[in-house]
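# quick one, fold the following:
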Amino acid sequence: MNNKQPVSQDEAKTACVVGSGFGGMALAMRLQSAGIQTTVIEGRDKPGGRAYFWEKEGFTFDGGPTVVTDPDCLKELWALSGHKMEEDVELMPVRPFYRLNWPDGTNFDYSNDEAELNSEIAKLDPADIAGYARFLEYAAGVYEEGYVKLGTVPFLDFKSMIKAAPALAKKQAWRSVYSMVSSFVKSEKLREALSFHTLLVGGNPMKTSAIYALIHKLEKDGGVWWTRGGTNRLIAGMIRHFERLGGRMVVGDPVVQVHTIGKRATEVETASGWREKFHAVASNADIMHSYRDLLSGSQRGPQYAGKLKRKSFSPGLFVVHFGLEGSWPGIPHHMILFGPRYKGLLEDIYDNGVLPADFSIYLHHPTVTDPSMAPPGKSTFYALVPVAHMGKLAVDWDEVGPQLEKRILDEVGRRLIPDIHDRIVTKFHYAPKDFASDLNAHLGSAFSLEPVLTQSAWFRGHNRDDVIDNFYLVGAGTHPGAGIPGVVGSAKATAGLMIEDLK
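The predicted structure is shown next:
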């Protein structure tokens, strides 16, 4: 996996992908399938980027995304070379997709079973069943325009943005997801249930473009899935296939510099001092890190980093991982434990930069689907809360972390597991400062640039750099944005450019 023997440049065109997150691996698989000799360089001791994992006392804890949607975009990566994803990865269906729970005890099981979902809506407000049907029609329209037509198309110039504008304007893309949802349904709880999804890609439902209502359609059509063994096993399967095709992985040796001559990237250098020439370089690293640090030796790097600094970045996350004695068949795989506030809490996180007394929790309980994630008779969980990024919330996480961890566990105990503290076998937390140090995430942001309309498509980092003509981006900082389908879509857009340019 750490084979650094140089590739003869006579054999094939060569490419380097910096970082092995979902976007980086999807790009590497596409390039290698197209006959481009590709090397992936990962700085951490394990591949996966945000899809990292820890093993403690027999428990497996996934570091990153836990919701797999649109499995077809993943299957396509294997199909490029006549293989099937099932050779390397087993996806397990998750039902319900999520259980939403409010402080008054109301539960809402969210799935793509129409009869079940209408029954859940009726519990909140029977009058909203018709409104939900109209919302679904709207979501299908923005899915077609925003995901099918534009999700894997690179926006390299403003002309491409102008071309897409009429269709997006027709769908009222300037309105927020929450505002659009509210035009269809009246129940406040249902409005929260149909708008919280943008938080899974770093967006504030009150500000993120209504185009992101497409996530609802994506889940309805493709389902919600789990990778047996953990999300990290999906990365492992991608690597297995990439190497099967002849790709090369370098792990545990971070890239420190992408060298340039004029307007071309020429060589990649790692911390160990290893250097190699490549015909093309793509970065799956944090977008600010890519320009400010990796391209620091060029004129373009600091210049574009200065522009990025003025943009708004998505919030951080505070995640408590814990392993418990006992099994919990009554707690589904994914839960959202809403706090007492919705809009006010979002303002505190996105605008005010304070650490509020209340919070909403995303609770992940994989052992209910996949018992292999914990020792027999035990359960793996994580509880995640969005928090302001380090540019807005300048707290000492070493001091605040243990306090917030206890408050989160107390709330999970109060609402679901009364003797939670007695049952804990092992626990640890992961704060914005860890995202910053382990993942080079600017300001400890968990999802890169905030997904607002003025930072989408052409207004995001471009899939191919405007100045260094063989330097490319893949992942959350470029079009179309964060989330597994988003970064896998970015890989398709970027691969199309690279394959064409390397002909």
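
# just checking, residue 141 touches residue 171?
Yes: between residue 141 and residue 171 there is a contact under Cβ atoms under 8 Å: 6.0 Å. Every residue, glycine included, has its C-beta placed from N, CA and C.

# which one's more surrounded, the two?
residue 171 (21 against 16; other Cβ atoms under 10 Å).

# got the confidence number for that one?
On the pLDDT scale, residue 171 is placed at 81.

# grab the nearest non-local neighbour of it.
residue 142 (5.0 Å; Cβ to Cβ, 6 or more residues apart in numbering).

# please tell me how far the one you found sits from residue 338.
25 Å (Cβ to Cβ, to the nearest Å).

# ok, those two, which is more surrounded?
residue 142 (26 against 23).

# quick one: secondary structure of that one?
Recorded secondary structure, residue 142: helix (DSSP: H, G, I helix; E, B strand; the rest coil).

# isn't it right up against residue 210?
Yes: applying Cβ under 8 Å, one finds residue 142 in contact with residue 210, separated by 6.8 Å.

# okay, and the common contacts of the two?
Contact with both residue 142 and residue 210 is made by residues 171, 173, according to Cβ atoms under 8 Å, 6 or more residues apart in numbering.

# what sits closest to residue 502 if chain neighbours are left out?
Counting by Cβ to Cβ, 6+ apart, the residue nearest residue 502 is residue 13, at 4.4 Å.

# so what's the residue count around the one you found?
Applying other Cβ under 10 Å, I find that residue 13 has 19 neighbouring residues.

# that one: what's it in contact with?
35, 36, 37, 279, 280, 502.

# most surrounded residue in those residues?
Result: residue 280 is most packed of these (other Cβ under 10 Å), 24 neighbours.

# quick one: mean pLDDT over the strand or helix carrying residue 55.
If you go by DSSP states H and E, residue 55 is part of strand 53-56. Strand 53-56 comes out with an average pLDDT of 98.

# so which bits of that strand are buried?
Buried positions in strand 53-56, judged by neighbour count with 16 or more other Cβ atoms under 10 Å: residue 53.

# which elements pack onto it?
If contacts are counted by 3 or more Cβ pairs under 8 Å, 6 or more residues apart in numbering; DSSP states H and E, strand 53-56 sits against strand 59-62, strand 424-430.

# run me through the strand neighbours of it, direction for each.
Its sheet considered, strand 53-56 pairs with strand 59-62 (antiparallel) by DSSP bridges.

# quick one: contacts of the strand it pairs with?
51-55, 229-232, 321, 323, 364, 366, 372-375, 378, 380, 382, 425-426.

# per the record, what domains does the chain have?
14-58+65-90+228-311+449-501, 116-213, 316-439 (automatic domain parsing).

# start to end distance for the last one?
The reference is to domain 316-439. 12 Å (Cα to Cα, to the nearest Å).

# one more: the longest one?
This stretch, domain 14-58+65-90+228-311+449-501, spans 12 Å end to end (Cα to Cα).

# quick one: residue 306 from residue 119, how far?
54 Å.

# with residue 288 instead?
46 Å.

# could you do residue 420 as well?
31 Å.

# I'd assumed residue 432 was in contact with residue 397.
Yes: look at residue 397 against residue 432 with Cβ under 8 Å: they come within range, at 6.6 Å.

# the more surrounded of these two?
residue 432 (25 against 21).

# quick check, pLDDT for that one.
98.

# now do residue 80
In this model, residue 80 is scored at 98, pLDDT.

# setting aside sequence neighbours, what's the nearest residue to it?
Closest to residue 80 by Cβ to Cβ, 6+ apart is residue 33, at 4.0 Å.

# check contacts around the closest residue in space to residue 391 that isn't next to it in sequence.
Nearest residue to residue 391 in three dimensions, chain neighbours excluded: residue 443, at 4.2 Å (Cβ to Cβ, 6+ apart). By Cβ under 8 Å, 6+ apart, the contact set of residue 443 is 313, 316, 389, 390, 391, 432, 436.

# filter the residues you listed down to just the ones in helices.
Among the contacts of residue 443, the members found in helices (DSSP state H) are 432, 436.

# the helices in the stretch 401-503 of the chain, which residues?
Per DSSP state H, counting those that start in this stretch, the stretch 401-503 of the chain carries helices over the ranges 420-423, 432-439, 484-501.

# return the most buried member of the helices and strands packed on strand 53-56.
Most buried of the helices and strands packed on strand 53-56, by mean neighbour count (mean count of other Cβ atoms under 10 Å): strand 59-62, with a mean of 24.

# next SSE downstream of that one?
In N-to-C order, the element after strand 59-62 by DSSP H and E is helix 71-79.

# tell me which helix or strand comes right after that following helix.
Next along the chain from helix 71-79, counting by DSSP H and E, comes strand 91-93.

# which SS class is residue 31?
Assignment for residue 31 (three-state DSSP): helix.

# once you drop chain neighbours, what's closest to it?
residue 38 (4.5 Å).

# mind checking the SS state of that neighbour?
Per three-state DSSP, residue 38 ends up strand.

# from residue 498, how far out is it?
Residue 38 is 10 Å from residue 498, by Cβ to Cβ.

# so what's in contact with these two at the same time?
15, 31.

# and for the least confident helix or strand in the chain by mean pLDDT, what's in contact with it?
Every helix and strand of the chain was ranked by mean pLDDT, DSSP states H and E. The lowest is helix 158-170, at a mean of 79. With contacts defined as Cβ under 8 Å, 6+ apart, helix 158-170 is touched by 145, 146, 149, 150, 153, 154, 155, 211, 457, 458, 459.

# also stretch 132-151?
Contacts for stretch 132-151 (Cβ under 8 Å, 6+ apart): 117-118, 121, 164, 167-168, 171, 173, 180-181, 184-185, 190, 194, 210-214, 216-218, 220, 457, 480, 485-486, 489.

# that stretch: end-to-end distance?
OK, stretch 132-151 end separation, Cα to Cα: 25 Å.

# repeat for stretch 374-394
End-to-end for stretch 374-394, by Cα to Cα: 35 Å.

# then stretch 14-33?
13 Å.

# that stretch - what's its average pLDDT?
98.

# do stretch 420-428 as well
Over the span of stretch 420-428, the pLDDT mean works out to 98.

# next: stretch 246-263.
pLDDT averaged over stretch 246-263 gives 98.

# list the buried ones in that stretch?
Under 16+ other Cβ under 10 Å, the buried positions of stretch 246-263 are 247-255, 257-260.

# below-threshold pLDDT in the protein: ranges please.
1-11 (pLDDT under 70).

# out of the domains of the chain, flag the one nearest residue 102.
domain 316-439 (5.0 Å; Cβ to Cβ).

# please state the offset of that closest one from the chain centre?
17 Å (Cα atoms, centre = their mean, to the nearest Å).
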